[in-house]
Structure formats: structure tokens, C-alpha cells
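Peer 1: missing the sequence, but the structure's below:
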């Protein structure tokens with residue numbers, strides 16, 4: 001396994017790729033170890049760029065890579 005990227009944006013995308021393309025928001029937050037507001041800002045940017053999508057499922061919010 002490669003070393004995760006230092007940049008938070010790249011690290012989110014790397015984590016999603018390592019987890020099969022999707023992860024719950026809670027698990028992503030645990031993996032990132034950054035403040036919630038910082039993670040939300042980055043997720044918002046990635047969503048606007050069309051790189052990820054967010055959906056709500058029975059286990060909470062799911063963050064997924066867009067193909």
C-alpha cells in the first residue's frame with residue numbers, strides 16, 4: 001500500500017479509492033483526523049467540481065467518487 005498524500009483534498013480522494021469508491025462521512029472524518037468544518041469545506045469543493053457525490057443512506061451520509 002502506498003503512503004497517503006499529505007494534501008487534504010488528495011487524501012480524501014485517496015481514502016475513497018482505497019475504500020472501493022465510497023465511505024460514510026463518519027468513517028471519513030475518523031480517517032482524516034481534521035476539524036469537521038475543514039473537511040466539510042473540502043467536500044463541498046470536491047462536490048462542486050463533480051469529483052464526489054453525497055447521498056443519505058440508512059447508515060448516514062455516504063461520500064462516493066463520481067465516475
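Peer 2: Structure's in. What do you need? What you see is a predicted model, and the numbers here were worked out from it, not measured in a lab.
Peer 1: Poorly predicted segments of this structure, please.
Peer 2: Scanning the chain for pLDDT under 70 picks out 1-5.
Peer 1: Pull out the buried residues from the longest helix that it contains.
Peer 2: Assignment by DSSP state H gives helix 36-48 as the longest helix of the chain. For helix 36-48, a neighbour-count test (16 or more other Cβ atoms under 10 Å) marks 39, 42-43, 46 as buried. Where you see a C-beta, it was placed from the backbone N, CA and C, and this is true even at glycine.
Peer 1: What's the local residue count around residue 8?
Peer 2: Neighbouring residues of residue 8 were enumerated by other Cβ atoms under 10 Å; the total is 14.
Peer 1: what are the phi and psi values for it?
Peer 2: phi -60, psi -40 (degrees, to the nearest 10).
Peer 1: ok, the residue lying closest to residue 46 once chain neighbours are set aside - contacts?
Peer 2: With sequence-adjacent residues excluded and distances taken as Cβ to Cβ, 6 or more residues apart in numbering, residue 46 is closest to residue 52, at 4.6 Å. Taking Cβ atoms under 8 Å, 6 or more residues apart in numbering, we find residue 52 in contact with 12-13, 16, 43, 46, 63-66.
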